[in-house]
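[1] how would this look folded up:
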Amino acid sequence: RKSDVSHVSKREWQNYTGFLCALAAVTVDNVAAAASPLTARKAIDSEGSLLKKFVSEMMDMVVSDNMFVREVIVTSIGTALTSVAYPILFTLMIERLQGISHFDVEKPLEILLVEQSIAIIKQILEYSHSSSDFSLGDFESVVMLQCSYLRSAINNADIIRIKGKFCQVIPLLMRHLGDISLRNETGLRNRIVATVMEWTTVFAQRIPQSQRPAELDVPCMTALASTMNGMKLYSEEMDRAANPQAKQDIRSSLFLKYFRFFTDVLEFAKQKTSAPAVARQITDLAIASLSNLLNANIDAGLSYFVLMGYHSDPVTRAAFLRVLSNILKKGTEFDMLSADNVEDKYDAFMNMIADPNLLVVLGLSEVIQITEADDLALRLVRVFGSIHRENGETGLAPLLKCAITREVQNTAQPSTLFRRNSIATKMMGAFGRVMGESYLVSVLGDYLQEISTSPVSYEIDPAKLRGDESLEVNMSTFSAVCSTVMDRIVTSLQAMP
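    All right, here's what the predicted structure looks like:
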């Protein structure tokens, strides 16, 4: 019987259930089922009446009043049920979820059905499957229905628990998106983000007399960060847009909406002093979400993102640098900007680099590998050397001042100042090479060449003198060379950069 296992060993019943789930594929033509998802569905529809009945009974037991039965069935479906049965399984889940008109706390079976459907999806995604197995299930429709029901649900202890479980499923779903057959991946991602965002404390603060449980904040932010990785902003309004510019305006509005939300999350985390570990976790997830949002929608949100660097709050400015670091590490395609005009293609990025606050330079300095610092320093010196301010000066002076100031701030001991292998020392070296090379060659090049080929000794260390060398003679020769070098430099001050 479905709900009465008192007369049968629980272990034995559990084993039989798993055995039947694994054996279910024998009711289907294996040749047809293995050919493709389409032929698999046809094979099940034409020959799988027994399989349909079996899976239907399993779905009945998913909402059994016996907890042990429910747990065994969910685990068996997720880990043992043959993937050939997935078309039937997902069709039945969709039909039963569609049969729920709305959440009603007085209808516990409906709430239980949604919770168990989430558990089944989680089990399937966690269990090791091949990509062809995932393609047989309509994950998209099930998750969209779950989103709809949870979005309309009024919070109580059960609903909060189910929302938390739903958030745990989302990172698993995102991990397997490449293997799952989706009709509208962009629409699914945007729907998940719009739904989960409303469950956070920060969103609730915008709505009078609205409350959200704080325990959902971390699961929600985790789900948002994973969903936004590679997510292009989308709204159904874009399908009705009159022209490309109208569509772009809608995307920019969406970006601003999410951008404001995540900056509010950063502010919320800063004020969460009672739980510093949770605050750090929320901050990290908000920065990851912002990074993913900007990385996938740079053309719609760069102008808003730059404003974050001017924020009066130092914590927000620090978050700006972390987001900038993340998108630079990912190699964001800035050439998507103004792609129709070659001359304007990089204007937005160049304006951000040349900004007087040098926020991009600071961000680059934070993430650059020291092995690549020489290359970066040389390019920055050349770029800022070609930038001319309104006062006629180049951008080099502010650049070097910024680098030197940061180096002084990061140096703990005066004895190590400018002796670290840092971007500041690399930049000063690059500046010297770029600005002084031609001068040094013209003033000292020929003389140094003469010295290097001369047989005369300039050794003034008594311990290193050869037997026929005189310390007094070498000192006089060395002094004469130094005087000549100084004289050449002093007499060429007008040509010095």
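[2] show me what counts as buried in stretch 189-209.
    189-193, 195-204 (16 or more other C-beta atoms under 10 Å). Quick note: C-beta positions are derived from backbone N, CA and C, even for glycine.
[3] same deal with stretch 247-262?
    For stretch 247-262, by 16+ other C-beta under 10 Å, it's 247, 250-252, 254-255, 258-259, 261-262.
[4] between the residues you listed, which is nearest Leu396?
    Checking the buried residues of stretch 247-262 against Leu396 with C-beta to C-beta, the nearest one is Phe259 at 33.1 Å.
[5] from Ala319, how far out is that closest one?
    12 Å (C-beta to C-beta, to the nearest Å).
[6] how near is the closest residue in space to Lys272 that isn't next to it in sequence to Ala269?
    Computed as C-beta to C-beta, 6 or more residues apart in numbering, the closest residue to Lys272 that is not its neighbour in sequence is Ala279, at 4.1 Å. Counting by C-beta to C-beta, the gap between Ala279 and Ala269 amounts to 4 Å.
[7] so between the two, which is more surrounded?
    Using other C-beta atoms under 10 Å as the criterion, Ala279 and Ala269 rank with Ala269 on top: 26 against 18.
[8] wait, Ile404 touches Ser422, no?
    No. The criterion here is C-beta atoms under 8 Å, and Ile404 misses it with Ser422 at 10.7 Å.
[9] neighbour-wise, which of those two wins?
    Ser422 (19 against 16).
[10] next one: phi and psi at the more buried one?
    With angles defined as degrees, to the nearest 10, Ser422 sits at phi -120, psi 170.
[11] contact partners for it?
    By C-beta atoms under 8 Å, 6 or more residues apart in numbering, the contact set of Ser422 is 370, 373, 407, 410.
[12] again, but for Thr200
    Thr200 neighbours (C-beta under 8 Å, 6+ apart): 212, 216-217, 220-221, 265.
[13] from Ser457, how far off is Gly467?
    12 Å.
[14] same thing with Leu216?
    Distance from Leu216 to Ser457, by C-beta to C-beta: 79 Å.
[15] and these two? which has more neighbours close in?
    Leu216 (21 against 16).
[16] picking that back up, quick check: which element contains the residue nearest to Lys272?
    Here Ala279, judged by DSSP states H and E, is contained in helix 276-296.
[17] in that helix, what's buried?
    For helix 276-296, by 16+ other C-beta under 10 Å, it's 279, 281-283, 285-296.
[18] among those, which one lies nearest to Met67?
    Checking the buried residues of helix 276-296 one by one against Met67 (C-beta to C-beta), the nearest turns out to be Gln281, at 31.9 Å.
[19] thinking that closest one is in contact with Asp217, fair?
    No. Contact between Gln281 and Asp217 fails when scored by C-beta under 8 Å: they sit 9.0 Å apart.
[20] Tyr127: how many residues sit nearby?
    13.
[21] swap that for Ser438, please
    Other residues close to Ser438 by other C-beta under 10 Å number 12.
[22] host element of it?
    helix 423-453.
[23] identify the residues contacting the very next helix or strand once past that helix?
    Where DSSP H and E defines the elements, the next helix or strand beyond helix 423-453 is helix 471-490. Under the contact criterion C-beta under 8 Å, 6+ apart, helix 471-490 has outside partners 443-444, 447, 451, 456-460, 462, 465, 496.
[24] and the residues you listed, which is closest to Ser303?
    Among the contacts of helix 471-490, and counting by C-beta to C-beta, the member closest to Ser303 is Met496, at 42.0 Å.
[25] does the closest one touch Ser442 like I think?
    No. Counting by C-beta under 8 Å, Met496 does not reach Ser442; the two are 10.5 Å apart.
[26] follow-up on the earlier one: in CSV, list the contacts of helix 471-490 along with pLDDT and distance to Lys10.
    Converted to CSV, the contacts of helix 471-490 look like this (pLDDT from 0 to 100; distance: C-beta to C-beta, whole Å):
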residue, pLDDT, distance to Lys10
Val443, 90, 93
Leu444, 89, 92
Tyr447, 90, 96
Ile451, 88, 94
Val456, 87, 99
Ser457, 87, 96
Tyr458, 84, 94
Glu459, 87, 92
Ile460, 88, 93
Pro462, 85, 94
Leu465, 86, 95
Met496, 82, 91
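[27] from those, keep the buried residues only.
    Buried, going by 16+ other C-beta under 10 Å: 443-444, 457, out of the contacts of helix 471-490.
[28] make CSV out of the residues you listed and add distance to Gly99.
    Shown next, in CSV, are these (distance: C-beta to C-beta, whole Å):
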residue, distance to Gly99
Val443, 89
Leu444, 89
Ser457, 99
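[29] which pLDDT value belongs to Leu173?
    Per-residue confidence (pLDDT) for Leu173: 93.
[30] so which helix or strand takes in it?
    Going by DSSP H and E, Leu173 is part of helix 157-175.
[31] and the very next helix or strand once past that helix, how far from the chain's centre?
    As assigned by DSSP H and E, the chain's next helix or strand after helix 157-175 is helix 185-197. Centroid separation between helix 185-197 and its chain, computed with C-alpha atoms, centre = their mean, to the nearest Å, is 16 Å.
[32] quick one: name whatever helix or strand follows helix 185-197.
    helix 201-204.
[33] would you mind writing the CA trace of that following helix as CSV?
    The C-alpha coordinates for helix 201-204 follow below in CSV (Å, rounded to 0.1, in the frame of the first residue of the first chain):
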residue,chain,number,x,y,z
THR,A,201,15.6,41.9,3.4
VAL,A,202,16.8,44.8,1.3
PHE,A,203,13.9,44.5,-1.2
ALA,A,204,11.4,44.3,1.7
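[34] which of the contacts of Thr200 lies closest to Ser148?
    Once C-beta to C-beta is applied, the member of the contacts of Thr200 that ends up nearest Ser148 is Cys220, at 17.1 Å.
[35] how close does that closest one sit to Leu376?
    From Cys220 to Leu376 the distance is 38 Å (C-beta to C-beta).
[36] tell me which of those two has more neighbours.
    Neighbours per residue (other C-beta under 10 Å) separate Cys220 from Leu376, with Cys220 holding more: 28 against 18.
[37] which residues touch the more buried one?
    If you count contacts by C-beta under 8 Å, 6+ apart, then Cys220 has 167, 196-197, 199-200 around it.
[38] report pLDDT for Lys270.
    pLDDT, read off for Lys270, is 83.
[39] pretty sure it contacts Ala279?
    Yes. If you go by C-beta under 8 Å, Lys270 and Ala279 touch, sitting 7.2 Å apart.
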